[in-house]
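*Asks:* No letters, just coordinates:
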DNA sequence: ATATAAATCACGATCCT
DNA sequence: AGGATACTGATTTATAT
């Protein structure tokens, strides 16, 4: 689709990041900027044309009319673009490469002869090898498989797997891999992704589905977190409450009460510096007590994988915070 | 279930060579 | 620069009540 149809206006960024009209000169991508006359007008992010020099926004709000599945005349037909399957971060080449069909049929649907089938088999084999030949691609392919496998084991949804994949790609691009295991970085990326998406899994949980131990994951996570300057927010203990509660077959009332307790604790600042898992476990135990449901400390300790002692310590703090 | 002391663990700073 | 050292805060282990 071409960039221009109606009259375009020149707009300038104001301080709030919005745009305001300043004149009615028109300029298209590739032309000189009418304002500073030095820079080239470029279309960098979709839907915005701006000058490379002074940043003047020439045309914002360009409408993306979506993929051009249909073409109405010959020029449109030849320019038809942006069609195809959506790209996904979960496949090492983002699903953009060619695939050879596994069905031994020709274009008309007829079965192939025996020789032809053998030939296709060899072609598929070689095609697959070439496709993943590049060392980085092989690395990615393996890592993304690992991420997917671990995520499945932890019940992490697809969108978060994509987040983890993006983090891994960035780590790879920045050359953070040498000296570190692929599995370790994959595990760390997954851990970071769950936290970023607000559905935290603890490092210990990630370790149970990984071949890497918790300490190694912790170290690697620290490293990539620093190097990629991910902005990972502190984990809200409530992110654990739901899973622990269901592991213990808690009633809704207990679960709700536990969330209240966590909220009170975090508001009081009790949680800072403490292991969020411990807070969640203690809140659950306290909630059960308040609701007259009998759950032993050792049950909670087992479900949350913290010691009973920690539950007892947090338990008092959480209750203190709640009584206000 | 609770309390207490001791042991452990990872960490980041600092000191030393 | 690199390595050992001593310190810190949180948690776990052990033990007793």
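*Replies:* Nice, I can see it. None of the values given here were measured: they were computed from a predicted structure.

*Asks:* switch to C-alpha atoms for all contacts and neighbour counts from now on
*Replies:* OK.

*Asks:* for chain A, which spans come out with low pLDDT?
*Replies:* Chain A contains residues with pLDDT under 70 at A:1-87, A:96, A:98, A:130-133.

*Asks:* How about the residues of it by DNA strand C?
*Replies:* Taking Cα under 7 Å from any atom of the strand, the part of chain A that reaches DNA strand C is made up of A:273, A:274, A:275, A:278, A:305, A:306, A:307, A:308, A:309, A:310.

*Asks:* I'd like the distance between the fourth one and residue A:92.
*Replies:* Read that as residue A:278. 37 Å (Cα to Cα, to the nearest Å).

*Asks:* repeat for the fifth one
*Replies:* Here residue A:305 is placed at a distance of 34 Å from residue A:92 (Cα to Cα).

*Asks:* Ok, the last one next?
*Replies:* The spacing between residue A:310 and residue A:92, counted by Cα to Cα, is 42 Å.

*Asks:* Nearest residue to residue A:262 in space, please, no chain neighbours.
*Replies:* Take residue A:262 and drop its neighbours on the chain: the residue closest to it by Cα to Cα, 6 or more residues apart in numbering is residue A:283, 6.1 Å away.

*Asks:* surely the one you found meets residue A:263?
*Replies:* No. Residue A:283 is beyond contact range of residue A:263, at 9.6 Å (criterion: Cα atoms under 8 Å).

*Asks:* What's the local residue count around the residue in the stretch 101-250 of chain A that DNA strand C sits nearest to?
*Replies:* Going by Cα to the nearest atom of the strand, DNA strand C is nearest to residue A:204 of the stretch 101-250 of chain A, at 10.3 Å. By other Cα atoms under 10 Å, the residues close to residue A:204 number 17.

*Asks:* same check, this time on residue A:210
*Replies:* 20.

*Asks:* Could you tell me how far it is located from residue A:140?
*Replies:* For residue A:210, the distance to residue A:140 equals 17 Å [Cα to Cα].

*Asks:* The helix or strand hosting residue A:225 packs against which elements?
*Replies:* Per DSSP states H and E: residue A:225 is located in helix A:214-227. In this structure, helix A:214-227 makes packing contacts with helix A:182-196, helix A:203-208, judged by 3 or more Cα pairs under 8 Å, 6 or more residues apart in numbering; DSSP states H and E.

*Asks:* Okay, helices next: where are they in the stretch 201-324 of chain A?
*Replies:* A:203-208, A:214-227, A:238-247, A:252-267, A:276-290, A:297-304, A:308-322 (DSSP state H, counting those that start in this stretch).

*Asks:* returning to that earlier point: between residue A:283 and residue A:263, which one's more packed in?
*Replies:* residue A:283 (33 against 20).

*Asks:* Quick check: residues of chain A near DNA strand B?
*Replies:* A:215, A:218, A:219, A:295, A:296, A:297, A:298, A:308, A:309, A:312.

*Asks:* so which pair among these is furthest apart in space?
*Replies:* A:219 and A:295 (34.8 Å; Cα to Cα).

*Asks:* returning to that earlier point: and the helices and strands packed on helix A:214-227, which is most packed in?
*Replies:* Sort the helices and strands packed on helix A:214-227 by mean neighbour count, taking mean count of other Cα atoms under 10 Å, and helix A:182-196 sits at the top with a mean of 26.

*Asks:* Specify the angle between it and helix A:238-247 in degrees.
*Replies:* Here the directions of helix A:182-196 and helix A:238-247 differ by 100 degrees (axes from the mean of the first three to the mean of the last three Cα atoms, to 10 degrees).

*Asks:* Can you name the residues in contact with helix A:182-196?
*Replies:* Contact with helix A:182-196 is made by A:139, A:143-144, A:146-147, A:150-151, A:156, A:160-161, A:163-165, A:167-168, A:177, A:200-203, A:206-207, A:210-212, A:216-218, A:220-221, A:224-225, A:231-233, A:235, as judged by Cα atoms under 8 Å, 6 or more residues apart in numbering.

*Asks:* ok, 7 Å please
*Replies:* A:143, A:146-147, A:160, A:163-164, A:167-168, A:200-201, A:203, A:206, A:210, A:212, A:216-217, A:220-221, A:232-233, A:235 (Cα atoms under 7 Å, 6 or more residues apart in numbering).

*Asks:* Please compute how far it lies from its chain's middle.
*Replies:* 10 Å (Cα atoms, centre = their mean, to the nearest Å).

*Asks:* Next, the residue of the stretch 201-324 of chain A found nearest DNA strand B: phi, psi?
*Replies:* Nearest residue of the stretch 201-324 of chain A to DNA strand B (Cα to the nearest atom of the strand) works out as residue A:296 at 4.0 Å. Main-chain torsions, residue A:296, degrees, to the nearest 10: phi -80, psi 160.
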